[in-house]
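In: Here is a sequence with its predicted model. Questions after.
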Amino acid sequence: GENVEQHPSTLSVQEGDSAVIKCTYSDSASNYFPWYKQELGKRPQLIIDIRSNVGEKKDQRIAVTLNKTAKHFSLHITETQPEDSAVYFCAASRGGSNDYKLSFGAGTTVTVRA
Amino acid sequence: GAGVSQSPSNKVTEKGKDVELRCDPISGHTALYWYRQSLGQGLEFLIYFQGNSAPDKSGLPSDRFSAERTGGSVSTLTIQRTQQEDSAVYLCASSLGTAQNYGYTFGSGTRLTVV
């Protein structure tokens, strides 16, 4: 099955600086890569996703990049703010008959220091 | 309902006892998933329902774990003879269709502690 590895496990950044989280996946058939944010005590929520037919996607201060050849994708948060402090999970999904299933990374705990 | 509801939110049980965790998905969501979140671990897939059937139960860790879904709505995850390693947050998610097209909506989870 799909194996998703996520780094780093923890990340501390100064407010206003950028944060980058990287994930690698094992299944070359994976074609959908969402990112979920889980604030303390709350449920994970989808914040951005990317499909294999594009290399980059942006939404305000967050962006995701995908390198299909290297089988890795990254989340970039610019101008970090205290409300960005959370656990971030990357995930991967393959299409076809397995398009229902998301395989998640272990998560990155991001702390934004004021 | 407005979101995915899970109950109880917290459960402390003694080792060896059985527990039932409930998930009430968003109305109309045909797909339902159970994941487990252990400390320091990612979200571990347990089982997927499409309607009342479970085409993928490959993530259930042992035969002590079972799940059912009735009426295409509420799902119950049952853990028999609980062990300490079962302690985790159990998350339920539902989706209108495929994960790729509709994404998951997660519930708030049930925190299970086996003592």
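Out: Happy to help now that I have it.

In: now stretch B:21-41: how far from the chain's centre is it?
Out: Stretch B:21-41 has its average C-alpha position 4 Å from the chain's average C-alpha position, going by C-alpha atoms, centre = their mean, to the nearest Å.

In: Check residue 42 and give its pLDDT.
Out: You didn't say which chain, so I picked chain A. For A:Lys42, the pLDDT comes out at 90.

In: not what I meant, chain B
Out: Per-residue confidence at B:Gly42 stands at 83 (pLDDT).

In: Around it, count how many other residues there are.
Out: Look at B:Gly42: counted by other C-beta atoms under 10 Å in any protein chain shown, it has 21 neighbours. C-beta coordinates here come from the backbone N, C-alpha and C atoms, glycine included.

In: isn't it right up against A:Thr108?
Out: No. Counting by C-beta atoms under 8 Å, B:Gly42 sits too far from A:Thr108 to count as a contact (10.3 Å).

In: Give me the common contacts of those two.
Out: The contact sets of B:Gly42 and A:Thr108 overlap at A:Gln6, A:Phe89 (C-beta atoms under 8 Å, 6 or more residues apart in numbering or on different chains).

In: Show me the contact partners of stretch A:78-87.
Out: Residues from elsewhere that reach stretch A:78-87 (C-beta under 8 Å, 6+ apart): A:13-19, A:37-40, A:61-63, A:77, A:107-112, A:114.

In: Buried ones among those?
Out: With burial judged by 16 or more other C-beta atoms under 10 Å in any protein chain shown, the buried subset of the contacts of stretch A:78-87 is A:Val13, A:Ala19, A:Lys37, A:Gln38, A:Ile62, A:Ala63, A:Ile77, A:Gly107, A:Thr108, A:Thr109, A:Val110, A:Val112.

In: gap between the second one and chain B?
Out: In this structure, A:Ala19 and chain B are separated by 19 Å, where distance is defined by C-beta to the nearest C-beta, to the nearest Å.

In: Is A:Val112 within a helix or a strand, and which one?
Out: A:Val112 belongs to strand A:108-113 when assigned by DSSP states H and E.

In: near chain B at all, that strand?
Out: No. Between strand A:108-113 and chain B, judged by C-beta under 8 Å from any C-beta of the partner chain, nothing touches; the nearest distance is 9.6 Å.

In: And that strand, what does it pack against?
Out: Here strand A:108-113 touches strand A:10-14, strand A:19-25, strand A:86-94, going by 3 or more C-beta pairs under 8 Å, 6 or more residues apart in numbering or on different chains; DSSP states H and E.
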